[in-house]
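Asks: What follows is a predicted protein model with its sequence.
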Amino acid sequence: QVQVTESGGGRVQAGDSLRISCTASGRTGVKFAMGWFRQPPTRGREFVAHINWSGENENYADSVKGRFTISRDNAGNTVHLQMNNLNSEDTAVYYCAVYEFAPSGSYSQQNAVDYWGKGTLVTVFS
């Protein structure tokens, strides 16, 4: 069984930066593609960012491109989401996504995610 744990959420002022992290554990010798989705207070869950197993390929939603950066540690399955120039539209619960069997190119679809974290709340106030 794969366990997914997020950390680093919080309350920040508009224009500030915040980094959230996620670790997937419970499977030795496997490197997963991983990513982030978020669910704002009044909308459904939406794709934010994805990084492949090697860290060589990153993908972003248009709404965060240029402001958010996803990265991963070289060893193991830990990813980080550096969020800069935050605004109120970024307020959401952020969920870590772990992909084990996802078809190539399907990373932005919720049904491509095999394991989810419980979420971490990011609140941006003006």
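Replies: Yes, it's here.
Asks: quick one, phi/psi of N111?
Replies: Here is the backbone geometry of N111 (degrees, to the nearest 10): phi -80, psi 0.
Asks: ugh, typo on my part, it should be Y60
Replies: The phi/psi pair for Y60 (degrees, to the nearest 10) is phi -140, psi 150.
Asks: from memory it sits against A49, does it?
Replies: Yes: in this structure, Y60 is within contact of A49 by Cβ atoms under 8 Å, at 5.0 Å. C-beta here means a position set from N, CA and C on the backbone, and glycine is covered the same way.
Asks: for the residue most central in space within the chain, which residues make a bridge with it?
Replies: Centroid-nearest residue in the chain: W36, 2.1 Å away (criterion: Cα atoms, centre = their mean). Counting by DSSP bridges, W36 forms beta bridges with A49, C96.
Asks: what is in contact with Y60 and A49 at once?
Replies: Taking Cβ atoms under 8 Å, 6 or more residues apart in numbering as the contact rule, Y60 and A49 both touch 68, 70.
Asks: what about these two, which has more around it?
Replies: Neighbour count, other Cβ atoms under 10 Å: between Y60 and A49, A49 has more, with 27 against 20.
Asks: how near is the more buried one to S7?
Replies: 17 Å (Cβ to Cβ, to the nearest Å).
Asks: Quick check: buried residues in the strand or helix carrying Q82?
Replies: Using DSSP states H and E, the element containing Q82 is strand 78-83. Applying a neighbour-count criterion of 16 or more other Cβ atoms under 10 Å, one finds 78-81, 83 buried in strand 78-83.
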